[in-house]
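**Q** got a predicted structure plus its sequence, pasted below:
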Amino acid sequence: MSSPVRNAVHIALLVALALFTAVTSAQTGTAAPGRAQILDAMKRATTFMTEKVSTNGGFVWTYLPDLSRRWGELEARDTQIWIQPPGTATMGHLFLDAYHATGDDDYYRAAERTANALIWAQHPSGGWNYLADFGGDRSLREWYDTIGRNAWRLEEFQHYWGNATFDDAGTAESARLLLRVYLEKRDPRFKPALDKAIQFVIDSQYPEGFWPQRFPLQHEFSHHGLPDYTSYATFNDDVAGENIDFLVQCYQGLGDPRVLDTIRRGMNAFLIAQQGPPQPGWSLQYTLDGRPAAARTYEPRSLATHTTATNVGLLLKFYRLTGDTKYLARVPDALDWLERLTLAPGVAPSGRTHPTFVEIGTNRPLYVHREGSNVVNGRYYADYDSKNTLAHYSGFRAIDVAGLRRQYQDAKALRPEDALRGSPLAPGAGARPLPRFVAVETPAAGAPRDVIASLTPEGYWLAPLGYNSHPFTRHSTASAVAGSFSQTHVGDDTDTSPYPDPALRGISTAAYIRNMSVLIKALER
């Protein structure tokens with residue numbers, strides 16, 4: 001096609017597009033925002049978060065508009081940052097996503113600052129705790145001895161171990177950000193911390209392929225008559241799956257051969273931990289001799305239906321990564337077991353199908369309850385009564401057994417060589433780019449014009465924070481407050497655990513990520 005003809009066609013297409021846009025805008029009554037408007041909103045929102053909200057490049061989860069109070073999973077001090085998603089590392093991932101969508105170096109520099117905050121917060125062993133405190137160790141210990149110690153339902157914060165945790169993907173999310181930032185420009189400043197994080201995941205793995213919840217190992221917090229559970233082999237909150245995913249990405253992006261054996265043993269641990277007939281499921285965690293174990297006092301020794309469903313999905317993923325049919329062999333056993341556990345109508349709340357916990361040896365559902373009013377006088381206990389279960393930890397789960405069975409059949413229909421096609425672990429696969437977007441939500445819910453219109457003049461989105469908490473004023477006592485706290489998120493006014501507060505509004509990293517996702521997706525159209 002000659003240049004004049006091509007130009008004429010191009011102009012005609014642009015005119016047609018403009019007419020279509022005008023008609024669409026006339027129909028909706030609102031013009032779609034242009035690229036310049038979208039970029040301006042993204043920049044204003046990000047500048048506010050990085051210059052007004054951030055603490056040395058890091059973030060918690062939520063803030064009051066005047067920044068007078070802030071929260072991660074618990075209330076935080078202004079010197080603290082939160083590692084768990086959607087905290088510091090997740091914000092760093094979003095900045096890097098925005099850089100990929102815009103090419104604007106300001107977003108890359110924001111991701112760098114966040115990565116540097118995580119490097120400061122990195123435990124000497126190479127992992128991360130739930131939070132970090134730029135006020136220093138004394139400040140962090142005081143926080144644990146006040147806010148953490150009195151959080152009745154958040155037992156993981158009632159003691160300061162001084163090590164790192166795999167719980168809630170904090171370590172995996174942080175390590176992935178260091179990997180992405182390093183791979184972006186191969187800046188050697190980020191390589192030592194990344195290498196330390198990789199070695200941490202390798203060093204903390206047990207010979208059988210399991211990972212503990214916390215590392216280096218500690219056994220010092222015996223509570224409510226139970227031993228310290230943090231050294232147990234852990235599947236809760238997808239500890240093993242997150243670690244394997246990070247290491248696979250390391251091999252994909254770096255070609256680092258030292259991770260291959262760790263990946264293989266990590267996958268095989270799922271096969272080792274699956275129980276035999278007649279209960280071929282998984283527990284949240286296991287003692288080091290391979291027996292299902294209790295953890296927090298509202299996590300009794302049992303098998304867990306949601307963990308079993310998650311692990312079935314991971315075994316199907318492992319088959320597609322390796323082409324090894326051993327990962328499919330006992331999936332039908334687990335699915336049949338889950339199907340037998342489906343609750344009769346009327347037992348579970350609407351939309352829920354299964355009990356969370358199942359008693360070992362009997363297959364009877366276990367339900368957890370509590371009594372008392374705070375961390376000192378309160379107690380959790382399990383029985384067979386499905387009424388008056390906990391509000392903060394659901395006794396029921398929604399498990400799509402039929403959907404999992406379809407996924408299994410799809411995987412089983414693949415020949416091993418076809419399953420392996422596209423796997424970063426396939427022989428000769430070679431290095432390949434990591435996903436372009438990590439934190440961008442798909443689908444991104446919302447209209448770009450509404451997102452832009454709701455941005456305040458200061459540059460933030462005023463959003464429901466979801467939760468509030470009692471400020472720490474004094475320690476809990478053995479005297480119970482009158483009333484029932486059996487189905488509340490929080491106990492008496494000494495309990496620092498968060499509780500639902502639909503009216504509380506402020507600044508939220510989750511809202512920032514959600515709205516930025518809408519705008520980034522609009523740029524991609």
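**A** In hand now; what should we look at? This is a predicted model, so every value here is computed, not measured. Numbering: from 1, shown residues only.
**Q** mind checking which helix or strand residue 369 is in?
**A** Counting by DSSP states H and E, the element that carries residue 369 is strand 365-371.
**Q** next helix or strand past that strand?
**A** Downstream of strand 365-371, the first helix or strand assigned by DSSP H and E is strand 379-383.
**Q** that following strand pairs with which strands?
**A** Counting by DSSP bridges, the strands paired with strand 379-383 are strand 365-371 (antiparallel).
**Q** average pLDDT for the strand it pairs with?
**A** The average pLDDT within strand 365-371 is 98.
**Q** contacts for that strand, please.
**A** 298-300, 302, 341, 343, 355, 357-359, 378-386, 388-390, 393, 395, 485-486 (Cβ atoms under 8 Å, 6 or more residues apart in numbering). No exception for glycine: its C-beta is placed from N, CA and C like everyone else's.
**Q** how far off centre is that strand?
**A** Offset of strand 365-371 from its chain centre (Cα atoms, centre = their mean, to the nearest Å): 25 Å.
**Q** what comes up buried for that strand?
**A** 365, 366, 367, 368, 369, 370 (16 or more other Cβ atoms under 10 Å).
**Q** then stretch 425-443?
**A** Neighbour-count burial for stretch 425-443 flags 425, 434, 437, 438, 439, 440, 441 (criterion: 16+ other Cβ under 10 Å).
**Q** and those residues, which is closest to residue 197?
**A** Within the buried residues of stretch 425-443, the smallest distance to residue 197 is 15.3 Å, found for residue 434 (Cβ to Cβ).
**Q** let me see the contact set for the residue nearest to that closest one when sequence neighbours are not counted.
**A** With Cβ to Cβ, 6 or more residues apart in numbering as the criterion, residue 434 has its nearest non-adjacent residue at 5.4 Å, and that residue is residue 253. By Cβ under 8 Å, 6+ apart, residue 253 lies in contact with 179, 183, 431, 432, 433, 434.
**Q** so how far is the strand or helix carrying the first one off the chain centroid?
**A** Looking back up the chat, that one is residue 179. Assigned by DSSP H and E, residue 179 belongs to helix 170-185. Mean-position distance between helix 170-185 and its chain equals 15 Å (Cα atoms, centre = their mean).
**Q** avg pLDDT for that helix?
**A** 98.
**Q** so which bits of that helix are buried?
**A** Buried residues in helix 170-185, counted by 16+ other Cβ under 10 Å: 170-184.
**Q** residue 425 falls within a helix, correct?
**A** No - with DSSP: H, G, I helix; E, B strand; the rest coil as the criterion, residue 425 is located in coil rather than a helix.
**Q** and the helices in the stretch 1-150 of the chain?
**A** Secondary structure of the stretch 1-150 of the chain (DSSP state H, counting those that start in this stretch): helices at 3-28, 35-48, 88-102, 105-121, 137-143.
**Q** try the stretch 401-525 of the chain
**A** With DSSP H, counting those that start in this stretch as the criterion, the stretch 401-525 of the chain has helices at 401-412, 416-420, 448-453, 509-524.
**Q** and residue 120, which of the ones you listed is closest to it?
**A** Closest approach to residue 120 among these (Cβ to Cβ): helix 509-524, 18.8 Å.
**Q** what's near enough to touch the closest residue to residue 201 other than its chain neighbours?
**A** Using Cβ to Cβ, 6+ apart and skipping the chain neighbours, the partner closest in space to residue 201 is residue 243 (5.3 Å). With contact set as Cβ under 8 Å, 6+ apart, residue 243 has these partners: 166, 172, 201, 205, 211, 266.
**Q** thought the first one was touching residue 244?
**A** No - between residue 166 and residue 244 there is no contact, the gap being 11.5 Å when judged by Cβ atoms under 8 Å.
**Q** which stretches of the protein have low pLDDT?
**A** For the chain, applying pLDDT under 70 flags the ranges 1-30.
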